[in-house]
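Visitor: fold the following, please.
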Amino acid sequence: MYVATHFAFDDPADCLDVVERRGVGTLVVATTDGFEATLLPWVVQADRGAGVRLLAHVAKANPLAELVGEPAPGLITFDLVDGYVSPSWYPSKHEHGRVVPTWNYVAVHAHGTVRAVTDREWLLALVSELTNQHEADMKKPWSVLDAPDGYIDSMLKGIVGLEFSVTRLEGKAKLSQNRSEADRAGVRAGLSAVGDDELWAAMSFHD
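Guide: Model prediction:
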């Protein structure tokens with residue numbers, strides 16, 4: 001990912017914050033026929049001894065299940081927020097007119113290696129953690145334990161776990177930092193006017 005200096009953030013904690021807030025990212029693995037890519041929800045595991053690992057699962061029928069039988073190089077892209085920026089929002093448009101449209105966004109790329117995991121207990125722990133994370137805000141959270149006896153076991157037999165060992169994280173927050181403060185204020189006002197609250201919040205957070 002090309003990252004101009006004024007858009008970069010490379011602190012691992014900041015990058016993992018984006019990963020956890022987004023929750024889903026696209027895993028890309030190279031093959032002899034091109035690339036295989038799949039959007040997946042991920043669980044973050046980080047500790048001093050083993051570094052950072054991202055965990056997910058795919059159906060056994062997914063080509064990725066065979067491609068990563070042995071650890072394979074991969075990339076996961078996490079796109080937190082993005083949106084169009086109109087040059088009409090810049091006060092400088094009225095001063096000199098030398099402005100063009102752009103696209104603002106916050107993204108993190110995780111580089112590393114991915115391997116397949118078939119251990120039942122590992123898979124059960126993963127699907128339980130994924131479920132708990134995404135059910136946490138539900139009025140009546142569903143649990144893996146709510147499923148009938150034997151049903152989860154039958155479902156586990158149809159999936160393969162993925163363990164992605166992170167070797168490098170790179171983050172990019174392209175949020176008009178290269179514009180004047182007046183132009184940045186104009187962008188925030190424009191985003192507010194069109195109801196893009198997420199990108200507005202990202203810009204306000206990075207100010």
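Visitor: what mean pLDDT does the longest helix anywhere in the chain get?
Guide: Longest helix in the chain by number of residues (criterion: DSSP state H): helix 120-135. Helix 120-135 comes out with an average pLDDT of 95.
Visitor: repeat for stretch 140-155
Guide: Rounded mean pLDDT across stretch 140-155 is 91.
Visitor: and it, how far apart are its ends?
Guide: Stretch 140-155 has its terminal residues 23 Å apart, counting by CA to CA, to the nearest Å.
Visitor: in that stretch, which residues are buried?
Guide: Residues of stretch 140-155 classed as buried by neighbour count (16 or more other CB atoms under 10 Å): 144, 152. Glycine gets a C-beta too; all of them are placed from N, C-alpha and C.
Visitor: what about residue 147, distance to residue 76?
Guide: 28 Å (CB to CB, to the nearest Å).
Visitor: try residue 89
Guide: For residue 89, the distance to residue 76 (CB to CB) stands at 32 Å.
Visitor: settle it for me: which of those two has more neighbours?
Guide: More crowded of residue 89 and residue 76, by other CB atoms under 10 Å: residue 76, with 27 against 22.
Visitor: identify the residues contacting the lowest-mean-pLDDT helix or strand in the chain?
Guide: Lowest by mean pLDDT, DSSP states H and E among the helices and strands of the chain is helix 92-95, with a mean of 83. Contact partners of helix 92-95, identified using CB atoms under 8 Å, 6 or more residues apart in numbering, comprise 87, 98, 99, 179, 180, 182, 183.
Visitor: ok, now stretch 35-47?
Guide: Counting by CB under 8 Å, 6+ apart, 16, 19-20, 23-29, 52-58, 62-64, 67, 76, 126, 129-130, 133-134, 162, 164 sit against stretch 35-47.
Visitor: which members of those residues are positioned in strands?
Guide: Those of the contacts of stretch 35-47 mapping onto strands are 24-29, 52-58, 76, 162, 164, per DSSP state E.
Visitor: what subset of those residues is buried?
Guide: Among the ones in strands among the contacts of stretch 35-47, the ones that count as buried by 16+ other CB under 10 Å are 25, 27-29, 52-58, 76, 162, 164.
Visitor: could you find the closest non-adjacent residue to the residue nearest the centre of the chain?
Guide: Nearest residue to the geometric centre of the chain (CA atoms, centre = their mean): residue 78, 2.3 Å. Using CB to CB, 6 or more residues apart in numbering and skipping the chain neighbours, the partner closest in space to residue 78 is residue 25 (4.1 Å).
Visitor: so that neighbour bridges to which residues?
Guide: residue 40 (DSSP bridges).
Visitor: ok, residue 108 next?
Guide: Counting by DSSP bridges, residue 108 is bridged to residue 78, residue 171.
Visitor: and it, what does it touch?
Guide: 15, 18, 19, 22, 77, 78, 80, 169, 170, 171, 172.
Visitor: farthest pair within those residues?
Guide: Maximum pairwise distance among these (CB to CB): 14.9 Å, between 22 and 170.
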